[in-house]
Each structure stands twice: as C-alpha cells, then as structure tokens.
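Novice: Requesting a structural model of the entry that follows:
(2 chains)
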Amino acid sequence: MAQAVNITKQRSTPQWWAKPLRQVLFYLVLLFVWHKLANSNLWSPGLFAGPLDVQNTLVEHFKDGTLITAISVSLRRLAIGYVISLVLGIMLGLLIGINRYIDETVGSLVLGLQALPSVCWAPFALLWFGLSEQAMIFVVVMGALFSITLGVDAGIKNTPPVYLQAARNMGAHGFALATQVILPAALPNSIVGLKQGWSFAWRSLMAAELLYITTSLGGLLQNGRDYSDAPLMIAVMLVIILLGVLINSVIFGPLERGVRQRWGLQK
Amino acid sequence: MGQHIVTTSPHFEQREGNIQVLPASNVALHVADVSKTFMSKGRNVEALRPVDLKVATGEFVCFLGPSGCGKSTLLSIIAGLQEPTTGHVWANGKHVIGPGTDRILLFQEAALFPWLDVQQNIEFGLRQAGIKARERAAIARKFIETVHLKGFERSYIHQLSGGMRQRAAIARALAIDPAMLLMDEPFGALDAFTRDRLHTEVESIWAETQKTILFVTHNVREAVALGDRVVVFAPRPGRIVREFRIDLPRPRSLEDHNLVDQSADILQVLRSEMVASEEEEHNGSGR
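Specialist: A predicted model of the protein is given here:
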C-alpha cells in the first residue's frame, strides 16, 4: 500500500512559455467542448448556452451599462461587508487569542456560529433590516466575520511565544503590544482565515442578492432565471469567477507573497 | 523543606562568605530562596531547588550546566517572565514582579521581529518608551555601529546570518540601556568561528558599557572565557552545585592553557556531581 512518492523529482529544465501554453490549450479545448455541447441540441435553448451567445450577452450588457452597474453595486456591498468583518473579526480574534476566558466562552460560540451557513441569517436580515442594503451587508458580515475571527485567533495561537516575551521585556504592553507585536506576528497564520473570510463574503453576497431584485450580479442572475435567459446566467457566473480570480491576484496573492518573503519563507 | 536547601555543597558557605562582603549599593541582583516546581503529567517536577545568589554591579556571571538543570529557568525568573514558586528576586534595588527594561533577556533564537527591519527592531524598545523618531534613529545608528551591522539597517531578519541576528539582538537590548543583560545561550546555535568572534565582542561591549551580564551556557570553555564567576548547575533536580571565580586576565583566549585547565576542573566537578545525583536517584528509586 505505502508507496514512496518522490515529490522533489527534477524535471528537465522547463521553458517559461510551457506552462501558459498548456493552460491556453486547455481552455481552448474547454471552449471547443462547450461550444459542441451547446450545439448538440441536448438541451432546449432556454436551459443552456454556448460561448458565442454568452459573449454576445456580455458585450451587450457591458454596452448598455447594466453589467458595470451590477459589478459596482455588488463590489461595493462586498467591500463594505468585508471591511466591517475585518475590523470586528480582528478585534474578536485578538480577544479570543489572548484571553483564556474569552476563548473558552466566546471562542466556542464563534466556532459554533462558523458552522452555520450565512444564508441562515437571511430571514432575520429581512425581518430586522427590511429589503435594504443593510440586510445584504448583514448577511455578508455574518458570512465572513467568523472565518476571519478564527483565522486571527489561530494566527495568534501559532505565534512563537518568544516574540511576546521579548516584546514584553522591552516594555511593550496593552494596545501597542497588540498592534505592534501580537497582530503582525500572527499575520502569516491569519492570512488563510482572511482569504476564507473573503470567499465566504462572496458566497454570502450572492445568496443575499437573490433575496430581492436589485441591479447587482445576484440580481442579474435572478433575472436570467426569471426570463429563462441562459446566456445571461452563464455570463454573470463568468464575471463572478473572473472577479474572484482578479481580486485574489491583486490583493491576496501579493499580500501572501509579501508576508512569506518578509518572514523568509519564500525567496 | 530542609532537604531543598543547597547546603549539601561544601562550597556553599564559602560562597555566602564571599558575597556578604559586598556593600548593598554594589549588589545588582539578589536572588533569595528562589525555587521553581511545576506540575507535569500529574507529577511535581523540581525545575530548580531553592537558590541564593548575589551578583555585583558590573559583574559577568555565567550559569553553566547541562539541559534541565534550571539555569534558564532561573534566568527567566530574574527576567520576570516566570514567577518563582518560592523566594524573591531583587534586581537593581527593586523587587522583581514582572519583566522590566532594566533587565533585557536575549534568546538563543534571537527573537528579532520578522515583520520589522533591523533598524526598526533596534528601535522597538525605544518606541515603547515613547522616544521621538529622530532620537530613536540616532540611538539605533550608534548601536548598529557598536555591533558592526552598518549597511544592514534595512535588511529583514531572514536575510541575516545567525551571528548577525545575535548582533542585532544585542544592539536591540543595548539601545534600551538596561542595567543588566540576561543572555540565554545566545550563541548556542552558532558555528565555532562566529561564536569566538561574538565572545570577543561581548567582552568588549561589557568592558565598555559596564553592564552586569548573566550568561547561560552549557559550554564550559565559553563560561570560563567570559565569566568573572561561573555558577555550576546540575540537573534532576535543578540546583546550584558550586561556584568558581575566574581570575584569568582579559581579553581571554580559548586556547590559553590556564583557561583550558580551569575548564577541565569545572567539567570534572560537573561530571562527578551528575554521577552522584544519578546514583542517588537510582538508590532513591530502589528504596
């Protein structure tokens, strides 16, 4: 059963273009298969759409501005919700990470709440905030907050105690100790939680935007369903994927790389 | 309780006698009846039996012993990072109840902050003390020169070699201007060449700054090369077994035959002490 797997096996010197080439080829094949599937008449037109229809829809909705508006509305909600979660999550995670009693009590509660899908908050959100921006942002916060909290908590608990000892020895205490030592020291191990919080925020937002129709990415998706507009649904899903990839590569990728470099975990 | 007191060593009285002559103002450190026991897997472990120790201002004292002898525990108690189970510590005239900037601990792993560059690390303690940025920079610059790290102000910690990290840690401690440096095997992880150079540098920093230094090591020659006094610890239970005053002229060389002889003497004592305690342990369990 137990086979030795040589994971450090050296390949022959790779060319810089080999990887992108393989990726481009893969996606070309994928597009082709998608196109063929869509034209195979397996589905009736309202249920599936090929790449060309999707492309037309994308161009059309970009031109008339709906997609731009939808993206900006959704991203705004996401940003507000995430920043609130970040501020609350860092404070909560810090308290749980440094205080045993808060850890035993609030910590266990957070662990439980983290297991609750944020959509479960949607009915309450509607009752408390009505059909409003606040309701959606509330759901986003509930989605992201606990992942961030647990991430920061884990980051603090995985920090070598020697940093804290040295800092206290040099006269750091209270707020300065928290902001200048505990939180930065926890950063490498917190990033996972920050990233997870971000992706949960996205998911929660999409669920929240299906609650009632606004001009947003979730709203457009719902429109697509209501009018059996398959190309629109696929177009919106593509936009959501691309935005996710973009934000990851613009914000979280560099952040992670920066931290790993500074800590000497990566050359 | 009686069995805990270190009167088993015939040199204890002599040690006490030596210390008593110090005028009170010259005592940088007074450790009185300090012991440490802790629970481990439901058993009481004696990390350190009650010890009494006085260190004069400006003295260089080495704590020598194998691992588990309580030397690092004692240092950490003196630093105020651990609480003693019994006893009290007075450092620089004050009762130790927690960490303080008059006693800076240096660690084997240097404990420099990886999110700060060298300069910011050295300024850290000054920043906590509320010193203005310009003054901080000037002080940091001075100590960066003291430890020969000029040109590395903006380097991050992982870019430094082990020896450079220890230098930066020393500069970071000196910047705070503590009365006492507590060095916990700071050079334990370094290669022999780097260690030799750092010995020389520490010796000259000590001579220049007149600081009291407590230096923990398991290296006999290191202890003899650096210390005015070598306090020898033995393990299981951790305790002080003997002290040696080292009167060799400075700067000292590790190759000096007097130093080598003295090291051999100390090693002999340490060995026989460990054999004795192992036998005692054996007999004890047989009873």
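Novice: The residue of chain B found nearest chain A and A:I137: what is the separation?
Specialist: Residue nearest to chain A within chain B: B:H158 (2.2 Å; Cβ to the nearest Cβ). The way it works is simple: take the backbone N, C-alpha and C, and place the C-beta from them, glycine included. Between B:H158 and A:I137 the distance is 40 Å, computed by Cβ to Cβ, to the nearest Å.
Novice: which one of these two has more residues nearby?
Specialist: A:I137 (25 against 15; other Cβ atoms under 10 Å in any protein chain shown).
Novice: before we move on, back to that, please report how far the residue of chain B closest to chain A lies from A:L265.
Specialist: B:H158 is 8 Å from A:L265, by Cβ to Cβ.
Novice: Convert stretch B:133-143 to CSV, retaining C-alpha atoms only.
Specialist: Backbone C-alpha positions of stretch B:133-143 (Å, rounded to 0.1, in the frame of the first residue of the first chain) are rendered in CSV as follows:
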residue,chain,number,x,y,z
ALA,B,133,11.6,59.1,15.9
ARG,B,134,14.7,61.2,15.3
GLU,B,135,16.3,60.4,18.6
ARG,B,136,15.4,56.7,18.1
ALA,B,137,17.2,56.7,14.8
ALA,B,138,20.3,58.3,16.3
ILE,B,139,20.5,55.8,19.1
ALA,B,140,19.8,52.9,16.8
ARG,B,141,22.6,54.1,14.4
LYS,B,142,25.1,54.2,17.3
PHE,B,143,24.4,50.6,18.4
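Novice: which stretch of helix or strand covers the most centrally placed residue in chain B?
Specialist: Among the residues of chain B, the one closest to the centroid is B:F215, at 2.7 Å (Cα atoms, centre = their mean). Under DSSP states H and E, the secondary-structure element containing B:F215 is strand B:212-217.
Novice: does that strand come close to chain A?
Specialist: No: contact of strand B:212-217 with chain A (Cβ under 8 Å from any Cβ of the partner chain) is absent, the minimum separation being 13.8 Å.
Novice: Partner strands of that strand, with direction?
Specialist: Looking at strand B:212-217 with DSSP bridges, its partner strands are strand B:60-64 (parallel), strand B:180-184 (parallel).
Novice: Now do it, average pLDDT.
Specialist: Mean pLDDT, strand B:212-217: 93.
Novice: next one: stretch A:114-122
Specialist: 90.
Novice: Equivalent analysis for stretch A:90-103, please.
Specialist: pLDDT averaged over stretch A:90-103 gives 94.
Novice: quick one: the helices in chain B?
Specialist: B:12-20, B:71-79, B:118-128, B:133-146, B:162-175, B:192-209, B:220-226, B:257-286 (DSSP state H).
Novice: what are the phi and psi angles of B:G98?
Specialist: With angles defined as degrees, to the nearest 10, B:G98 sits at phi -180, psi -180.
Novice: ok, and the closest non-adjacent residue to it?
Specialist: B:G80 (4.6 Å; Cβ to Cβ, 6 or more residues apart in numbering or on different chains).
Novice: if we can go back for a sec, can you tell me how far the residue nearest to the residue of chain B closest to chain A when sequence neighbours are not counted is from B:V241?
Specialist: Among residues not flanking B:H158 along the chain, A:G264 sits closest, at 2.2 Å (Cβ to Cβ, 6+ apart). Distance, A:G264 to B:V241, by Cβ to Cβ: 41 Å.
Novice: quick one: which of the two has more around it?
Specialist: Neighbours were counted for A:G264 and for B:V241 using other Cβ under 10 Å; B:V241 has more, 22 against 13.
Novice: any idea how far the helix or strand that contains A:V141 is from the chain center?
Specialist: Using DSSP H and E, the element containing A:V141 is helix A:133-157. With Cα atoms, centre = their mean, to the nearest Å as the basis, helix A:133-157 stands 11 Å off its chain's centre.
Novice: and the next element down the chain from that helix?
Specialist: helix A:161-169.
Novice: Please save the CA atoms from that following helix in CSV.
Specialist: C-alpha atoms of helix A:161-169 as CSV (Å, rounded to 0.1, in the frame of the first residue of the first chain):
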residue,chain,number,x,y,z
PRO,A,161,5.9,32.8,22.5
VAL,A,162,9.4,34.1,22.3
TYR,A,163,8.2,37.2,20.4
LEU,A,164,5.7,38.1,23.1
GLN,A,165,8.3,37.6,25.8
ALA,A,166,10.9,39.7,24.1
ALA,A,167,8.3,42.5,23.4
ARG,A,168,7.0,42.5,27.0
ASN,A,169,10.6,42.5,28.2
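Novice: which element follows that helix toward the C-terminus?
Specialist: helix A:174-177.
Novice: Could you give the separation of the very next helix or strand once past that next one from the chain centroid?
Specialist: Once the chain leaves helix A:174-177, the next helix or strand it forms, by DSSP H and E, is helix A:183-209. Per Cα atoms, centre = their mean, the displacement of helix A:183-209 from the mean C-alpha position of its chain is 6 Å.
Novice: Now do helix A:183-209: which elements does it pack against?
Specialist: helix A:66-98, helix A:122-129, helix A:133-157, helix A:217-226, helix A:230-247, helix A:253-262 (3 or more Cβ pairs under 8 Å, 6 or more residues apart in numbering or on different chains; DSSP states H and E).
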